[in-house]
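Asker: sequence? don't have it. structure:
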């Protein structure tokens with residue numbers, strides 16, 4: 001592939017999950033290294049939206065990642081999330 005980029009979206013109905021009486025929550029953790037060249041994470045909560053970006057800084061500058069997050073934020077700002 002030319003670029004290894006992923007996008008992940010988690011909607012309100014997906015969290016917290018309950019399996020066999022066990023309550024589960026989601027949390028982002030640092031892997032210490034980027035698994036992809038770029039990975040966007042979007043989590044939608046009743047109180048707002050979390051945007052995250054995992055970035056391979058050997059290939060991309062931090063300023064590029066911040067600019068891409070700002071573009072994504074502006075695109076998502078006008079969307080309505082079903083609840």
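Answerer: Yes, it's here. Worth saying up front: this structure is predicted, and the values here are computed from it rather than measured.
Asker: next up, the contacts around residue 60.
Answerer: Shown in contact with residue 60 (C-beta atoms under 8 Å, 6 or more residues apart in numbering): 37-38. Glycine gets a C-beta too; all of them are placed from N, C-alpha and C.
Asker: that one in helix, strand or coil?
Answerer: Secondary structure assignment for residue 60 (DSSP: H, G, I helix; E, B strand; the rest coil): coil.
Asker: from residue 32, how far off is it?
Answerer: Distance, residue 60 to residue 32, using C-beta to C-beta, to the nearest Å: 17 Å.
Asker: give me the contact list for the helix or strand that contains residue 75.
Answerer: If you go by DSSP states H and E, residue 75 is part of helix 62-76. Contact partners of helix 62-76, identified using C-beta under 8 Å, 6+ apart, comprise 38, 40, 42, 49, 51, 53, 55.
Asker: how about 7 Å then?
Answerer: Helix 62-76 is contacted from outside by 40, 49, 51, 53, 55, using C-beta atoms under 7 Å, 6 or more residues apart in numbering.
Asker: for the residues you listed, pick the one with the most neighbours.
Answerer: With neighbours taken as other C-beta atoms under 10 Å, the top of these is residue 55, carrying 21 neighbours.
Asker: right, and that residue touches residue 36 too?
Answerer: No. Counting by C-beta atoms under 7 Å, residue 55 stays clear of residue 36, with 9.1 Å between them.
Asker: give the helix, strand or coil label for residue 52.
Answerer: strand.
Asker: give me the pLDDT for the closest residue in space to it that isn't next to it in sequence.
Answerer: What sits nearest to residue 52 in space, not counting adjacent residues and going by C-beta to C-beta, 6 or more residues apart in numbering, is residue 41, at 3.9 Å. At residue 41, the pLDDT value in this model is 84.
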